[in-house]
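1. Provided below for reference: sequence and predicted model.
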Amino acid sequence: MPELPEVEVVRRGLSRWVAGRTIAQAEVLHARAIRRHVPGAAEFAGRLAGRTLVSAERRGKYLWMPLGDPESASGAGSGSSEALLAHLGMSGQLLVVEPGSPVEKHLRVRLSFDDDGPELRFVDQRTFGHLLVAPLAPLGRPVPEPIVHIAADPLEEAFDDEVFAVRLSVRQTEIKRALLDQSLISGVGNIYADEALWRARLHGRTPTRALSRRKTGELLAAVREVMGEALGQGGTSFDSLYVNVNGESGYFDRSLNVYGRQGEPCARCGGPVLREAFMNRSSYSCPRCQPLVGS
DNA sequence: ACGGGCCCCTGTTGGC
DNA sequence: TGCCAACAGGGGCCCG
């Protein structure tokens, strides 16, 4: 489940159902799922066995659970120096399921716990997602070392609107590319980029240098607004691939204004929504509400 | 520094 | 009915 609201839905589920529990065993069923854990599957499993998953954290589209030891679990945070890090890619799911339940077709990694309660399963059809154990970088908010280059996401306090605006103004690129650049702002993907641009009445090909500070502020407000609304509805899912840890879909897809709505009337002006190829994907917009200006 | 193109995968959909 | 191309919410890497 790719974008920030869907990942946040998963984080909340992990926080509720998994945090504080101690891993009995980790099983890797598909090597590609841990390809970024350089020491390999056996080391990954060995490093997790007996560790406690202290909490569930998120930045952008990445999730992580700091690792502790059972005896110090009550004093969580004091000694955690590494974490289980996850990215769901295009089709990854983290599911909390009863130990005996049927094995999913695309089950890649399974964690069982010493309380014999529900397992945590990483299921991923397309295998673009991955898990790894990584050190937490000590500076500021503890963030796994592999993602220190990712920018804060717009729902974090650490996100600085002014810094974002300045970085945009010196970039030679277009606004949709910039929204998708996780080193500038994290958590925004193809759906919420299109939805936020529509709300802000901005064409995705607007040069970032052409954006006023005010317009950038409006765009950030639109990003936060659409993500907040999506979160309130459990995220966006067109099919069963995008579900929370209990396998349930969100229903924000009903509230999308342009994404996936080629040819349908724009909710604001009634003109047809346009689909265009962009970055080997699709962009949806209303040409009337989102004219290209400033190029 | 930036954009384009390709890759990594599996599955579904729509046109012929 | 079958076949095949296009497409899907992710990112990384190489090249010019």
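-> Perfect, I can see it now.

2. hmm, who's touching the longest helix along chain A?
-> Using DSSP state H, we find that the single longest helix of chain A is helix A:213-232. Helix A:213-232 is touched from outside by A:3-6, A:8-9, A:154-155, A:161, A:164-165, A:168, A:175, A:179, A:185, A:187-188, A:192, A:195-197, A:199-200, A:202, A:211, A:236, A:250, A:252, A:255, with contacts defined as Cβ atoms under 8 Å, 6 or more residues apart in numbering. Every residue, glycine included, has its C-beta placed from N, CA and C.

3. repeat for stretch A:6-21
-> Contact with stretch A:6-21 is made by A:1, A:52-58, A:60-63, A:65, A:73, A:88, A:94, A:96, A:113-115, A:117-118, A:120, A:155, A:187, A:230-231, A:234-237, A:242, A:244-246, A:250, as judged by Cβ under 8 Å, 6+ apart.

4. quick revisit: report the buried members of the contacts of helix A:213-232.
-> By neighbour count, with 16 or more other Cβ atoms under 10 Å, the contacts of helix A:213-232 hold A:3-6, A:8-9, A:154-155, A:164-165, A:168, A:175, A:179, A:185, A:187-188, A:192, A:195-197, A:199-200, A:202, A:211, A:236, A:250, A:252 as buried.

5. those residues in helices, which ones?
-> A:4-6, A:8-9, A:164-165, A:168, A:175, A:179, A:192, A:195-197, A:199.

6. kindly report the residues of the stretch 151-295 of chain A close to DNA strand C.
-> A:180, A:182, A:189-191, A:235-239, A:241-242, A:253, A:277, A:280-282 (Cβ under 7 Å from any atom of the strand).

7. ok so, going back, buried ones from the contacts of stretch A:6-21, can you make that a PyMOL selection?
-> Of the contacts of stretch A:6-21, the buried ones can be selected in PyMOL as follows, counting by 16+ other Cβ under 10 Å:
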select buried, chain A and resi 1+52+53+54+55+56+57+58+60+61+62+63+65+73+88+94+96+113+118+120+155+187+230+231+234+235+236+237+242+244+245+250
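
8. who are the neighbours in contact with the most centrally placed residue in chain A?
-> In chain A, the centroid-proximal residue (Cα atoms, centre = their mean) is A:Lys61; its distance is 2.1 Å. Going by Cβ under 8 Å, 6+ apart, A:Lys61 touches A:2-4, A:7, A:87-88, A:182, A:186-187, A:189.

9. closest to A:Ile34 out of those residues?
-> Minimum distance to A:Ile34 across the contacts of A:Lys61 is 11.8 Å, recorded for A:His87 (Cβ to Cβ).

10. tell me the confidence at that closest one?
-> Listed pLDDT for A:His87 reads 98.

11. quickly list what it is bridged to.
-> Using DSSP bridges, the beta-bridge partners of A:His87 come out as A:Tyr62, A:His130.

12. hang on, it packs against A:Gly129?
-> Yes - between A:His87 and A:Gly129 there is a contact under Cβ atoms under 8 Å: 5.6 Å.

13. which residue ranges form the strands in chain A?
-> Ranges of strands within chain A are A:23-28, A:52-53, A:57-59, A:62-68, A:82-87, A:92-97, A:107-113, A:119-124, A:130-137, A:143-144, A:274-278, A:281-285, based on DSSP state E.
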